[in-house]
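Novice: Return atomic coordinates for the entry below.
(chains A, B, C and D)
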There are 2 protein chains.
Amino acid sequence: MAGRPVDHQRRAELLDAVVDYTVEHGFSDLSWRPVAAALGVSPTTLVHRFGTKEQMLVAILGRLRERIFAATNDAIGEKPDLATAARAVWTRTSDPRRGAEFRLFFAVYGRALQAPEQFAGFLDRVVADWMNALREAQGPGTDPATATRTATLVIATIRGLLLDLLATGDRDRVQDAAESFLTTLEHQDTGQRR
Amino acid sequence: MAGRPVDHQRRAELLDAVVDYTVEHGFSDLSWRPVAAALGVSPTTLVHRFGTKEQMLVAILGRLRERIFAATNDAIGEKPDLATAARAVWTRTSDPRRGAEFRLFFAVYGRALQAPEQFAGFLDRVVADWMNALREAQGPGTDPATATRTATLVIATIRGLLLDLLATGDRDRVQDAAESFLTTLEHQDTGQRR
DNA sequence: CTATTCTTTGTACGGTCGTACTAGAAATGT
DNA sequence: ACATTTCTAGTACGACCGTACAAAGAATAG
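Specialist: Residues are numbered from 1 along each chain as shown, chains lettered A, B, ... in the order given. Below is the predicted model of the structure:
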């Protein structure tokens, strides 16, 4: 009555491999055949797992967001205050070893802005995920409006600096600006609390 | 000895029309035929003007950067100090009427990050253009290192906030954060000068 | 064993892509 | 007028695209 069971782990393996490929080869002209060739499987296998190409894009995008968010979220939760959390996030996001991942992140981001209905899930979470984490990092004693305002600014500044760093590669200049921002944040942070 | 002269104006008209089309229909799956159909010309006409597709992309991208930079540059040059200039830039970039243009801007930005050699010209200027303008806005009396650091932060923050605004559409929250940043910039600005 | 379901692969089809080629119309200098 | 060059349009070709379909192998339950 019950045939061969569905191999969910296999799908997860393939998805991770596809995300790896996308991180390396870009997102703009992704297609079944080259990906399949790189993974050593048949294009039909990928189709069988992901359905349509759009569904695969959504899957890639979700997995990428998981990866990036997981890499930064634990850096936020355990920190005593916002400034420390922000510094931890910047340290991780500006890590050169994560450069390719964030290049893909911004590529997806830009494309999502031009096809909002297709990438609605991404756009909904791309700010909200960090937002919640950074608001909680400010503790329950902070004024909600201030917490939201500060979290918005931290997210924007870090992402803007990251855009600069990835575009220019001028790490000295960007890191200098980041230090300035984080220092200001620390002073402002203690100033608000006491 | 000399046949029909080259019609440069015609090319400029076509390029502007193509940029308009790209702003509206997106950048990721641009191709000759739909663009030509929308402009009411033959695909061959576009090929004749722009050569290859990659050359057209470069042309689009350059024209887009011209438009965006022109819209903000005059807002910078005539202002007395950095804070005022930054406020003027934010006012213009966050204008809803320019939303589509900046969506395209970030789409190009993201794609350029994943194909740096193809979009090297864009990446070279995407930060440097504003950088020069914002450094000059701080006057000759400012310490060069400080001027660079501040300009980097202003660019990053404005672009990060714009990314947030375009993704979430939450104008109230983003505008609130922008006000906070601009206010801080004004205080910091006068503080450094006197 | 058989029956059933999932997995993988090969093949094939219609569609779109970039672009090379050809030819006629339009605009110039002599 | 003519020669020359640009402009525009039409056609065609090979390549790649997404995906539907059929068939063979593998893993389960009875």
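
Novice: all contacts plus neighbour counts: C-alpha atoms, from now on.
Specialist: Fine.

Novice: Who are the contact partners of the closest residue to A:Ala85 other than its chain neighbours?
Specialist: The shortest distance from A:Ala85 to any residue other than its chain neighbours is 4.8 Å, reached at A:Ile76 (Cα to Cα, 6 or more residues apart in numbering or on different chains). Taking Cα atoms under 8 Å, 6 or more residues apart in numbering or on different chains, we find A:Ile76 in contact with A:85-86, A:88-89, A:133-134, A:137.

Novice: what ranges do the helices span in chain A?
Specialist: Defined through DSSP state H, the helices belonging to chain A, from first to last, are A:8-25, A:32-39, A:43-50, A:53-77, A:82-93, A:99-114, A:120-136, A:144-168, A:171-193.

Novice: Return the member of those having the minimum mean pLDDT.
Specialist: Across the helices of chain A, the stretch with the lowest average pLDDT is helix A:171-193; it has a mean of 84.

Novice: Distance from the chain centre to stretch A:61-81, please.
Specialist: Stretch A:61-81 has its C-alpha centroid displaced from the chain centroid by 8 Å (Cα atoms, centre = their mean, to the nearest Å).

Novice: ok, and for it, which residues are buried?
Specialist: Judged by neighbour count using 16 or more other Cα atoms under 10 Å in any protein chain shown, the buried positions of stretch A:61-81 are A:61-65, A:68, A:72-73, A:75-76, A:79, A:81.

Novice: will you turn the residues you listed into JSON lines that also has distance to B:Ala107?
Specialist: Putting these into JSON lines (distance: Cα to Cα, whole Å) gives the following:
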{"residue": "A:Leu61", "distance to B:Ala107": "16"}
{"residue": "A:Gly62", "distance to B:Ala107": "19"}
{"residue": "A:Arg63", "distance to B:Ala107": "20"}
{"residue": "A:Leu64", "distance to B:Ala107": "18"}
{"residue": "A:Arg65", "distance to B:Ala107": "18"}
{"residue": "A:Ile68", "distance to B:Ala107": "20"}
{"residue": "A:Thr72", "distance to B:Ala107": "24"}
{"residue": "A:Asn73", "distance to B:Ala107": "26"}
{"residue": "A:Ala75", "distance to B:Ala107": "29"}
{"residue": "A:Ile76", "distance to B:Ala107": "29"}
{"residue": "A:Lys79", "distance to B:Ala107": "34"}
{"residue": "A:Asp81", "distance to B:Ala107": "34"}
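
Novice: Nearest to DNA strand D among those?
Specialist: Closest to DNA strand D out of the buried residues of stretch A:61-81 is A:Leu61 (15.3 Å), distances taken as Cα to the nearest atom of the strand.

Novice: now the residue nearest the centre of chain A: how far from A:Ala120?
Specialist: Among the residues of chain A, A:Ile68 comes closest to the average C-alpha position under Cα atoms, centre = their mean, at 3.8 Å. Per Cα to Cα, to the nearest Å, A:Ile68 is found 18 Å from A:Ala120.

Novice: returning to what we had before: pull out the buried members of the contacts of A:Ile76.
Specialist: Among the contacts of A:Ile76, the ones that count as buried by 16+ other Cα under 10 Å are A:85-86, A:88-89, A:133-134, A:137.

Novice: Chain A against DNA strand D: which residues are in contact?
Specialist: A:1-5, A:30-34, A:43-44, A:47, A:51-54 (Cα under 7 Å from any atom of the strand).

Novice: Narrow those residues to those that are buried.
Specialist: Of all those considered here, the ones buried according to neighbour count by 16+ other Cα under 10 Å are A:32, A:43.

Novice: Can you report how many residues lie near A:Gly141?
Specialist: 8 (other Cα atoms under 10 Å in any protein chain shown).

Novice: Repeat that for A:Asp172.
Specialist: Burial of A:Asp172, expressed as a neighbour count using other Cα under 10 Å, amounts to 10.

Novice: same thing with A:Glu24?
Specialist: Residue neighbour count, defined by other Cα under 10 Å, stands at 14 for A:Glu24.

Novice: Please tell me how far it sits from DNA strand D.
Specialist: Here the criterion is Cα to the nearest atom of the strand, to the nearest Å. By it, A:Glu24 lies 16 Å from DNA strand D.

Novice: and what of A:Glu13?
Specialist: Looking at A:Glu13 against DNA strand D, where the rule is Cα to the nearest atom of the strand, the gap reads 16 Å.

Novice: A:Arg135 now?
Specialist: As judged by Cα to the nearest atom of the strand, A:Arg135 and DNA strand D stand 39 Å apart.

Novice: ok, that residue touching A:Thr148?
Specialist: Yes - because the distance of 6.4 Å satisfies Cα atoms under 8 Å, A:Arg135 is recorded as touching A:Thr148.

Novice: Next, the contact list for A:Leu166, please.
Specialist: Counting by Cα under 8 Å, 6+ apart, A:Leu166 touches A:99, A:103, B:113.

Novice: what about burial for the residues you listed, which qualify?
Specialist: Buried residues within the contacts of A:Leu166, counting neighbours by 16+ other Cα under 10 Å: A:99, A:103, B:113.

Novice: contacting residues for the first one?
Specialist: To tie it back to what came earlier, the one meant is A:Gly99. Contact partners of A:Gly99, counting by Cα under 8 Å, 6+ apart, are A:93, A:166.

Novice: Pull up the gap between it and A:Tyr109, please.
Specialist: Remark: distance between A:Gly99 and A:Tyr109 (Cα to Cα) = 15 Å.
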